[in-house]
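Asks: Sequence and predicted structure, then a few things I'm wondering about:
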Amino acid sequence: MSLSKKSKSSSGCTEDDNLSETGQIGEQLSEMDLESDSSIQSDSSSASSSPMFDDCSRKVKLTQLPGDVLLKCASTQSERLKCRRICIALRDTIAKQSLDWELGPGTTDQTLHALTSVFPKLTSVTINRGGGISSACEGVGGDGVAALGRLRNLRKLELHFLTGLKSDDLSRLAEDTRQLSLGSVVLEQARYMNEQSAHAISSVCPKLTSLSIGASSVSDMGLAEMTSRCPGLTSISLRSCHAVTDVGIYAIATGCPHLTNLQVHNLQHITDAGLVAIAARCGHLRTIDISRSKIGTPTLAALGQWSPNLISLDVSWCSNITDDGVIAVANGCRGLREFKYKGCRKLTADSIAKVAARCPALSALRVDGVPVSQGTVPQPARASRGGSRGLCDGWFSSCGC
């Protein structure tokens, strides 16, 4: 949510033109006296015990309001707004908690400076989750990243469609300190992600356990540096990172022996050689997504041989997958719970039946997106006029289609 323009009342108090968007809280604020009240105290005990605040808190659960709105209220509490009592109490309440703070596409560097000033103990910050090309966040740059670096307790950071970032901006996470305690980083549509950005992340966040990068320019060299400097990585997601080849996959295999989750969706320059290395060296692997790649039977044979703990496998739209590979997985990964094979035209019902029979823990076979109950023998994916109806029946059984 973008913050609205401000105006001043005759008494000099600043009012937010957009507070009415918060529903009940807007109604409460509109009933409050707009004039500056000399009797208002600046301490939180007076604020939380005031009848006005008590009346508001009974009708509104303040901490469930959108992050942008809460931040606006709390960051302006010193300007003697009509909602000052709420601001003070809200600030003191949230400052004592470890919250997952989420901000929308209207976030700017100024928003993040306010956030880190008001709530310095936050452990998780997400910006523009669910954003897209038409809802990108353009207002966050290097200054905003530097502000986030001041959150000493930050453990998780998610940046989605931040089109204003440049390749060297991530290095500013460590402007005020040498290293951060970040354990999880998500960078979606990270066009700014290159060797320089990879070096910054690996230098600043050596305690990373989870790394997710989508649609970025990260290369094998950058990936190798991150895996060598962050040996604790257990989850790596690389989606549509088209500069990554087998060299980068080898780097993961050698640098992340404790890897449990790997997603390499739509990586067109990796081959069976790289994934066989993953299976051979990462014996703790539990979930792997190799959909929309050129991977074939050798990878599945390796998983069946060296990945007995595998519980989820996605090979959707891998045209090189054959029955032999699927049977190898069925024989070696008896704990498999989920198997997705949409678009695998070379598979037959025989291999799928063996997966269903030999994996007693299997709870989901998915073909063309439709869950198939254990014990049935689904046919390989085929184009069908009834596909839409099947999807609807599979996911929304009560829709009446």
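Replies: It's in. These numbers come from a predicted model, not from an experiment.
Asks: Strands of the stretch 251-400 of the chain, start to end?
Replies: In the stretch 251-400 of the chain, the segments counted as strands under DSSP state E, counting those that start in this stretch are 261-263, 287-289, 312-314, 338-340, 364-367, 370-372.
Asks: In a markdown table: those strands, plus distance to Leu165.
Replies: No exception for glycine: its C-beta is placed from N, CA and C like everyone else's. Output for the strands of the stretch 251-400 of the chain, formatted as a markdown table (distance: least, CB to CB, whole Å):
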| stretch | distance to Leu165 |
| --- | --- |
| strand 261-263 | 23 |
| strand 287-289 | 26 |
| strand 312-314 | 30 |
| strand 338-340 | 33 |
| strand 364-367 | 35 |
| strand 370-372 | 38 |
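Asks: out of those strands, which comes closest to Met193?
Replies: Taking CB to CB, strand 261-263 is the member of these nearest to Met193, at 15.9 Å.
Asks: average pLDDT for that closest one?
Replies: Averaged over strand 261-263, pLDDT sits at 98.
Asks: Show me the strands paired with that strand, marking each as parallel or antiparallel.
Replies: Strand 261-263 has the following strand partners under DSSP bridges: strand 235-239 (parallel), strand 287-289 (parallel).
Asks: hang on, the earlier thing: dump the strands of the stretch 251-400 of the chain to TSV, plus mean neighbour count.
Replies: Converted to TSV, these look like this (neighbours: other CB atoms under 10 Å):
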stretch	mean neighbour count
strand 261-263	20
strand 287-289	21
strand 312-314	20
strand 338-340	21
strand 364-367	19
strand 370-372	16
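Asks: Looking at the strands paired with strand 261-263, which is nearest to Thr227?
Replies: strand 235-239 (7.9 Å).
Asks: Got the domain ranges for this structure?
Replies: Annotated domains of the chain cover 14-97, 99-390 [automatic domain parsing].
Asks: Comparing those domains, which comes out most buried?
Replies: domain 99-390 (a mean of 19; mean count of other CB atoms under 10 Å).
Asks: ok, back up a step: would you reformat the strands paired with strand 261-263 as TSV and include mean pLDDT and distance to Val186?
Replies: Converted to TSV, those look like this (pLDDT from 0 to 100; distance: least, CB to CB, whole Å):
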stretch	mean pLDDT	distance to Val186
strand 235-239	96	8
strand 287-289	98	16
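Asks: Redo those strands as TSV? Include distance to Cys256.
Replies: Rendered in TSV, the data for the strands paired with strand 261-263 read as follows (distance: least, CB to CB, whole Å):
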stretch	distance to Cys256
strand 235-239	7
strand 287-289	13
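Asks: To Ile327, which of those lies closest?
Replies: The nearest among the strands paired with strand 261-263, by CB to CB, is strand 287-289 at 17.4 Å.
Asks: which stretches of the chain aren't confidently modelled?
Replies: Applying pLDDT under 70 to the chain flags the ranges 1-98, 176-177, 367-401.
Asks: mind listing the helices for the stretch 301-401 of the chain?
Replies: 323-332, 349-358, 387-395 (DSSP state H, counting those that start in this stretch).
Asks: Before we go further, Val247 is sitting in a helix, right?
Replies: Yes - using DSSP: H, G, I helix; E, B strand; the rest coil, the assignment for Val247 is a helix.
Asks: need the contact list for it.
Replies: 220, 224 (CB atoms under 8 Å, 6 or more residues apart in numbering).
Asks: Check the gap between it and His160 for me.
Replies: Distance, Val247 to His160, using CB to CB, to the nearest Å: 28 Å.
Asks: Please apply the same query to Arg358.
Replies: Distance from Arg358 to His160, by CB to CB: 40 Å.
Asks: Asp100 now?
Replies: 14 Å.
Asks: same thing with Cys333?
Replies: According to CB to CB, Cys333 stands 33 Å off from His160.
Asks: start to end distance for stretch 113-124?
Replies: 15 Å (CA to CA, to the nearest Å).
Asks: so Ala356 makes contact with Ala364?
Replies: No - Ala356 is beyond contact range of Ala364, at 10.8 Å (criterion: CB atoms under 8 Å).
Asks: from memory Leu313 sits against Arg337, does it?
Replies: No - look at Leu313 against Arg337 with CB under 8 Å: they stay out of range, at 9.5 Å.
Asks: who touches Gly255 in this structure?
Replies: 224, 227-228, 231, 233.
Asks: Tell me which helix or strand Leu122 sits in.
Replies: For Leu122, there is no enclosing helix or strand under DSSP states H and E.
Asks: Quick check: phi and psi on it?
Replies: Main-chain torsions, Leu122, degrees, to the nearest 10: phi -60, psi 140.
Asks: cool, and Ala200?
Replies: Dihedral angles (degrees, to the nearest 10) for Ala200: phi -60, psi -50.
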